[in-house]
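**Q** Pasted the sequence and its predicted model underneath.
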Amino acid sequence: PIILGIESSCDETSAAICIDGKIRSNIIANQTIHEKYGGVVPELASRAHQQNIIPAVEQAFREAKVHKNDVDAIAFTRGPGLLGSLLVGTSFAKAFALARNIPLIDVNHMQAHILAHFIEEPVPRFPFLCLTVSGGHTQLVLVKDYFDMELLGQTLDDAAGEAFDKTAKILGLPYPGGPLIDRYAQGGNPLAYRFPEPQIPGLNFSFSGLKTAILYFMQQKEQEQPGFVQANIHDICASVQARIVSVLLNKLRRAAEASGVRDVAIAGGVSANSGLRQSLLALGERQGWRVFIPRFEYCTDNAAMIAIAGHYKYEADDFVGQEVAPLARWAV
Ligand code: ATP
Ligand code: MG
Ligand code: FE
């Protein structure tokens with residue numbers, strides 16, 4: 001089948017074409033308007049989606065060399081995400097399905113981040129473990145089948161991506177700061193400063209304490225020695241990144257030990273982090289895991305993951321009607 005996928009949950013407007021389970025185009029329009037506000041402004045995001053969605057879809061058709069009459073179904077992100085943003089993609093998908101008289105497929109954005117692993121070989125075998133780390137979520141998921149997922153643990157406060165972005169904000173870096181911290185961390189000493197590791201029982205996470213610790217650390221250092229942060233930015237970023245990565249991987253190792261599962265994956269925007277990717281590969285080697293890391297373009301928000309999820313739902317005849325409405329919150 002030919003599936004058109006639409007993603008509009010946050011600040012990326014994206015459209016993708018999937019033909020028989022293979023991605024043929026994946027157009028992503030990033031919204032730069034939020035940079036100067038230090039975070040995503042929901043009202044501005046939904047307006048930008050309105051402007052970007054038609055051009056993104058048209059380009060996705062052009063690149064895939066597919067005509068809109070040939071689409072068999074349209075898949076869209078129903079949630080979780082910003083309601084005003086989700087409404088743009090949802091309304092577009094409903095109108096497209098109605099006009100072309102084709103089925104409508106609702107996709108859970110957090111499931112789609114995980115299903116991005118089925119875009120390309122090699123694919124993990126069920127059941128596998130997935131650490132989904134993004135701007136709004138930090139989840140440890142046991143993936144039993146395409147749409148049968150069990151949440152083993154999650155963050156009790158900030159997401160891993162938020163920990164990166166808020167640290168960056170404290171350091172005076174623009175939004176989103178995660179990729180910048182990653183870049184500064186290269187060439188820095190990860191052992192230069194020791195930030196506390198939160199003591200959270202079980203498989204849950206917490207990142208708000210780390211953010212506060214970094215804030216106090218910076219204020220104190222700057223007071224003692226003005227210009228300290230600027231002079232030591234590489235070491236600070238490397239140390240913060242190392243701590244976030246160690247928190248994530250310690251829990252992932254525990255989950256693997258407890259479940260006995262040896263196919264281990266990461267997904268979501270933070271899985272683009274080079275420190276996390278390297279440390280996971282090293283850990284996987286020591287533990288005898290098969291490790292799965294998405295290609296960069298499939299880590300952060302994209303419609304290819306929505307289209308591939310749509311493909312598997314299409315195969316299962318899993319469709320929704322025109323009464324469907326977006327969900328700001330939606331369990332994995
Ligand atoms: P969610 O998927 O939870 O709804 P989201 O869609 O906003 O949230 P993604 O687009 O999947 O999240 O990921 C964005 C997050 O990934 C941001 O917090 C960003 O800083 C972070 N990120 C992206 N690249 C990197 C990187 N190289 N290192 C660290 N963080 C990164
Ligand atoms: Mg985003
Ligand atoms: Fe996302």
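**A** Here it is on my side, so go on. Ligands and ions are numbered 1, 2, ... in the order given.

**Q** And what about the nearest residue to residue 166 once chain neighbours are set aside, helix, strand or coil?
**A** Leaving aside its sequence neighbours, residue 166 sits nearest to residue 211 (C-beta to C-beta, 6 or more residues apart in numbering; 5.0 Å). Heads up, the C-betas are built off the backbone N, CA and C, glycines and all. Remark: residue 211 carries the secondary structure label helix [criterion: DSSP: H, G, I helix; E, B strand; the rest coil].

**Q** who touches residue 6 in this structure?
**A** Shown in contact with residue 6 (C-beta atoms under 8 Å, 6 or more residues apart in numbering): 14-15, 53, 57, 74-77, 89, 92-93, 303, 306.

**Q** Just say helix, strand or coil for the residue lying closest to residue 206 once chain neighbours are set aside.
**A** Closest residue in space to residue 206, ignoring its immediate chain neighbours: residue 198 at 4.4 Å, by C-beta to C-beta, 6+ apart. Secondary structure, three-state DSSP: residue 198 is coil.

**Q** distance of residue 198 from ligand 3?
**A** From residue 198 across to ligand 3, the span is 23 Å (C-beta to the ion, to the nearest Å).

**Q** Would you list the phi and psi of the residue in the stretch 101-250 of the chain that ligand 3 sits nearest to?
**A** Ligand 3 sits closest to residue 134 of the stretch 101-250 of the chain, with a gap of 4.4 Å, by C-beta to the ion. Per-residue torsions, residue 134: phi -140, psi -170 (degrees, to the nearest 10).

**Q** so it touches residue 273, yeah?
**A** No: judged on C-beta atoms under 8 Å, residue 134 makes no contact with residue 273 at a distance of 11.3 Å.

**Q** Which stretches in this protein count as helices?
**A** Secondary structure of the chain (DSSP state H): helices located at 42-64, 83-100, 109-115, 160-170, 178-185, 208-224, 228-231, 233-259, 274-287, 304-315.

**Q** give the contact list for the residue of the stretch 201-332 of the chain at minimum distance from ligand 2.
**A** Going by C-beta to the ion, ligand 2 is nearest to residue 301 of the stretch 201-332 of the chain, at 4.9 Å. Taking C-beta under 8 Å, 6+ apart, we find residue 301 in contact with 7, 9-12, 14, 28, 109, 269.

**Q** With residue 257 instead?
**A** Neighbours of residue 257 in contact, by C-beta under 8 Å, 6+ apart: none.

**Q** what's the spacing between it and residue 129?
**A** As judged by C-beta to C-beta, to the nearest Å, residue 257 and residue 129 stand 11 Å apart.

**Q** now swap in residue 192 and tell me
**A** Distance from residue 192 to residue 129, counting by C-beta to C-beta: 31 Å.

**Q** Comparing the two, which shows the higher neighbour count?
**A** The residue with more neighbours, out of residue 192 and residue 129, is residue 129; 23 against 14, by other C-beta atoms under 10 Å.

**Q** what's residue 302 in contact with, if anything?
**A** For residue 302, the contact set (C-beta under 8 Å, 6+ apart) comprises 7, 12, 14, 16, 26, 28, 116.

**Q** filter these by proximity to ligand 3?
**A** Contacts with ligand 3 are made by none of the contacts of residue 302, judged by C-beta under 5 Å from the ion.

**Q** pLDDT score assigned to the nearest residue to residue 318 once chain neighbours are set aside?
**A** Leaving aside its chain neighbours, residue 318 sits nearest to residue 105 (6.9 Å; criterion: C-beta to C-beta, 6+ apart). What the model reports as pLDDT for residue 105 is 99.

**Q** same thing with residue 39?
**A** 86.

**Q** my guess is it meets residue 168, correct?
**A** No: here residue 39 does not reach residue 168: they are 10.8 Å apart, not a contact under C-beta under 8 Å.

**Q** between the two, who's got more neighbours?
**A** residue 168 (22 against 15).

**Q** Can you tell me the closest non-neighbouring residue to the more buried one?
**A** In space, and not counting its chain neighbours, residue 168 is closest to residue 177: 1.9 Å by C-beta to C-beta, 6+ apart.

**Q** Just give me the neighbour total for the residue nearest to residue 206.
**A** Here the number of neighbours of residue 198 (other C-beta under 10 Å) works out to 17.

**Q** contacting residues around the residue nearest to residue 238 when sequence neighbours are not counted?
**A** Sequence neighbours aside, residue 188 is the residue nearest to residue 238 in space, at 3.0 Å (criterion: C-beta to C-beta, 6+ apart). Applying C-beta under 8 Å, 6+ apart, we find residue 188 in contact with 233-239.
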